[in-house]
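Visitor: Dropping a prediction and its sequence here:
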Amino acid sequence: MTLAAVPEATAKERLRLIRDAESIALVGVSANPLRSSNFVATYLVRTPYRVYCVNPAYDEVLGLKSYGSLADLPEVPDIVDIFRRPDAIAAVVDEAIEVGAPTVWFQLGLRHDEAAREAIAAGLNVVQDRCLKIEHARFSGKLHLGGFDTGVISSKRRRPV
(Lines give C-alpha, C1' and ligand atoms only; values in the text may rest on other atoms or scores of the structure.)
Protein backbone atom coordinates (compact mmCIF):
# COMPACT_ATOMS: atom_id res chain seq x y z
CA MET A 1 0.00 0.00 0.00
CA THR A 2 1.43 3.37 -1.01
CA LEU A 3 0.64 6.33 1.20
CA ALA A 4 -0.48 9.56 -0.43
CA ALA A 5 2.03 12.37 -0.44
CA VAL A 6 1.72 14.87 2.38
CA PRO A 7 0.41 18.14 0.95
CA GLU A 8 2.94 20.95 1.13
CA ALA A 9 1.87 24.31 2.57
CA THR A 10 1.84 26.90 -0.18
CA ALA A 11 3.55 30.27 0.19
CA LYS A 12 0.14 31.90 0.73
CA GLU A 13 -0.70 29.38 3.45
CA ARG A 14 2.67 29.91 5.17
CA LEU A 15 2.17 33.69 4.99
CA ARG A 16 -1.29 33.34 6.57
CA LEU A 17 0.09 31.16 9.38
CA ILE A 18 2.86 33.65 10.10
CA ARG A 19 0.55 36.68 9.96
CA ASP A 20 -2.16 35.10 12.11
CA ALA A 21 0.20 33.81 14.80
CA GLU A 22 0.73 35.68 18.04
CA SER A 23 2.73 33.07 19.93
CA ILE A 24 5.42 30.57 18.98
CA ALA A 25 6.86 27.68 20.98
CA LEU A 26 10.40 26.69 19.99
CA VAL A 27 10.66 23.00 20.90
CA GLY A 28 14.25 21.85 21.25
CA VAL A 29 15.72 25.36 21.27
CA SER A 30 19.34 25.50 22.39
CA ALA A 31 21.17 28.04 24.53
CA ASN A 32 24.25 27.41 22.36
CA PRO A 33 24.61 30.44 20.04
CA LEU A 34 26.16 28.18 17.37
CA ARG A 35 22.96 26.15 17.00
CA SER A 36 20.42 27.11 14.36
CA SER A 37 17.61 27.00 16.92
CA ASN A 38 19.35 29.71 18.92
CA PHE A 39 19.80 31.83 15.79
CA VAL A 40 16.09 31.50 14.98
CA ALA A 41 15.15 32.29 18.58
CA THR A 42 17.38 35.38 18.56
CA TYR A 43 15.54 36.61 15.47
CA LEU A 44 12.04 35.78 16.75
CA VAL A 45 12.44 37.49 20.15
CA ARG A 46 12.85 40.73 18.20
CA THR A 47 9.41 40.33 16.60
CA PRO A 48 6.02 41.04 18.19
CA TYR A 49 5.44 37.30 18.80
CA ARG A 50 5.26 35.88 22.30
CA VAL A 51 8.11 33.37 22.12
CA TYR A 52 8.31 30.36 24.41
CA CYS A 53 11.38 28.17 24.74
CA VAL A 54 10.68 24.48 25.31
CA ASN A 55 13.69 22.45 26.40
CA PRO A 56 13.84 20.69 29.78
CA ALA A 57 17.66 20.88 29.72
CA TYR A 58 17.62 24.65 30.35
CA ASP A 59 16.13 27.02 32.90
CA GLU A 60 16.31 29.85 30.38
CA VAL A 61 17.39 30.60 26.84
CA LEU A 62 18.16 34.16 25.67
CA GLY A 63 16.78 35.47 28.95
CA LEU A 64 13.44 33.70 28.42
CA LYS A 65 12.16 31.02 30.77
CA SER A 66 12.56 27.55 29.28
CA TYR A 67 9.67 25.15 29.81
CA GLY A 68 9.87 21.38 30.07
CA SER A 69 6.98 20.67 27.70
CA LEU A 70 4.21 22.28 25.68
CA ALA A 71 1.77 21.43 28.48
CA ASP A 72 3.81 23.63 30.86
CA LEU A 73 3.37 26.79 28.75
CA PRO A 74 1.12 29.58 30.06
CA GLU A 75 -0.91 29.45 26.81
CA VAL A 76 -1.43 27.23 23.80
CA PRO A 77 1.03 28.47 21.16
CA ASP A 78 -0.21 29.32 17.68
CA ILE A 79 2.86 27.69 16.11
CA VAL A 80 4.92 24.83 17.52
CA ASP A 81 8.30 25.19 15.79
CA ILE A 82 10.21 21.90 16.05
CA PHE A 83 14.02 21.68 16.35
CA ARG A 84 14.25 18.02 17.37
CA ARG A 85 15.80 14.94 15.79
CA PRO A 86 13.54 13.24 13.23
CA ASP A 87 12.90 10.33 15.60
CA ALA A 88 11.52 12.76 18.21
CA ILE A 89 9.16 14.65 15.90
CA ALA A 90 6.20 12.27 16.28
CA ALA A 91 6.19 12.72 20.07
CA VAL A 92 6.26 16.52 19.71
CA VAL A 93 3.38 16.35 17.21
CA ASP A 94 1.41 14.16 19.62
CA GLU A 95 1.99 16.72 22.38
CA ALA A 96 0.97 19.60 20.07
CA ILE A 97 -2.26 17.77 19.25
CA GLU A 98 -2.87 17.09 22.94
CA VAL A 99 -2.50 20.76 23.98
CA GLY A 100 -4.56 21.98 21.01
CA ALA A 101 -1.91 23.87 19.05
CA PRO A 102 -3.22 24.77 15.58
CA THR A 103 0.10 24.54 13.70
CA VAL A 104 3.25 22.42 13.75
CA TRP A 105 6.27 23.68 11.84
CA PHE A 106 9.18 21.31 11.12
CA GLN A 107 12.36 23.34 10.75
CA LEU A 108 14.58 23.34 7.69
CA GLY A 109 15.88 19.84 6.98
CA LEU A 110 13.17 18.12 9.02
CA ARG A 111 10.49 15.90 7.50
CA HIS A 112 8.33 13.25 9.09
CA ASP A 113 5.47 12.38 6.75
CA GLU A 114 3.80 9.97 9.17
CA ALA A 115 3.70 12.59 11.95
CA ALA A 116 2.57 15.20 9.42
CA ARG A 117 -0.32 12.98 8.31
CA GLU A 118 -1.30 12.44 11.95
CA ALA A 119 -1.27 16.21 12.56
CA ILE A 120 -3.33 16.92 9.43
CA ALA A 121 -5.83 14.21 10.42
CA ALA A 122 -6.17 15.94 13.81
CA GLY A 123 -6.91 19.26 12.06
CA LEU A 124 -3.52 20.94 12.47
CA ASN A 125 -1.70 22.97 9.85
CA VAL A 126 1.66 21.46 8.93
CA VAL A 127 4.77 23.01 7.42
CA GLN A 128 7.75 20.74 6.79
CA ASP A 129 11.36 21.46 5.89
CA ARG A 130 11.08 25.27 6.14
CA CYS A 131 12.81 27.73 8.42
CA LEU A 132 10.32 29.94 10.26
CA LYS A 133 12.92 32.72 10.52
CA ILE A 134 13.65 32.67 6.79
CA GLU A 135 9.96 32.53 5.89
CA HIS A 136 9.12 35.39 8.27
CA ALA A 137 11.99 37.48 6.94
CA ARG A 138 11.04 36.71 3.35
CA PHE A 139 7.43 37.75 3.84
CA SER A 140 8.33 40.87 5.81
CA GLY A 141 10.95 42.09 3.32
CA LYS A 142 13.88 41.48 5.67
CA LEU A 143 15.43 38.60 3.76
CA HIS A 144 18.86 39.42 2.41
CA LEU A 145 21.46 37.35 0.60
CA GLY A 146 21.56 33.83 1.97
CA GLY A 147 18.49 34.48 4.09
CA PHE A 148 20.40 36.21 6.85
CA ASP A 149 20.52 39.83 7.95
CA THR A 150 23.41 39.68 10.38
CA GLY A 151 23.92 43.42 10.55
CA VAL A 152 27.66 42.74 10.31
CA ILE A 153 29.78 44.91 8.08
CA SER A 154 33.04 43.23 7.18
CA SER A 155 36.20 44.19 5.38
CA LYS A 156 36.82 40.59 4.38
CA ARG A 157 37.03 40.09 0.66
CA ARG A 158 34.41 37.77 -0.81
CA ARG A 159 35.72 34.58 -2.32
CA PRO A 160 34.79 33.89 -5.94
CA VAL A 161 31.98 31.39 -6.32
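Guide: All right, it came through fine.

Visitor: What are the boundaries of the helices in this protein?
Guide: With DSSP state H as the criterion, the chain has helices at 11-20, 36-44, 86-99, 113-121, 132-140.

Visitor: Columns mean neighbour count and distance to Pro74 on top of the ones you listed, output as a markdown table?
Guide: Any C-beta I mention is one placed from the backbone N, CA and C, and that applies to glycine too. A markdown table is the format used below for the helices of the chain (neighbours: other CB atoms under 10 Å; distance: least, CB to CB, whole Å):
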| stretch | mean neighbour count | distance to Pro74 |
| --- | --- | --- |
| helix 11-20 | 15 | 20 |
| helix 36-44 | 19 | 17 |
| helix 86-99 | 17 | 12 |
| helix 113-121 | 17 | 23 |
| helix 132-140 | 19 | 21 |
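
Visitor: Quick one: residues contacting the residue positioned nearest the centre of the chain.
Guide: Among the residues of the chain, the one closest to the centroid is Asp81, at 2.8 Å (CA atoms, centre = their mean). Each residue near Asp81 by CB atoms under 8 Å, 6 or more residues apart in numbering is listed here: 24-27, 40, 105, 107, 132.

Visitor: Val51 too?
Guide: Val51 sits in contact with 23-24, 26, 41, 44-45, 64, where contact means CB under 8 Å, 6+ apart.

Visitor: which two in those residues are spaced the farthest apart?
Guide: Spatial extent of those (CB to CB) is set by the pair Ser23 and Ala41 at 13.7 Å.
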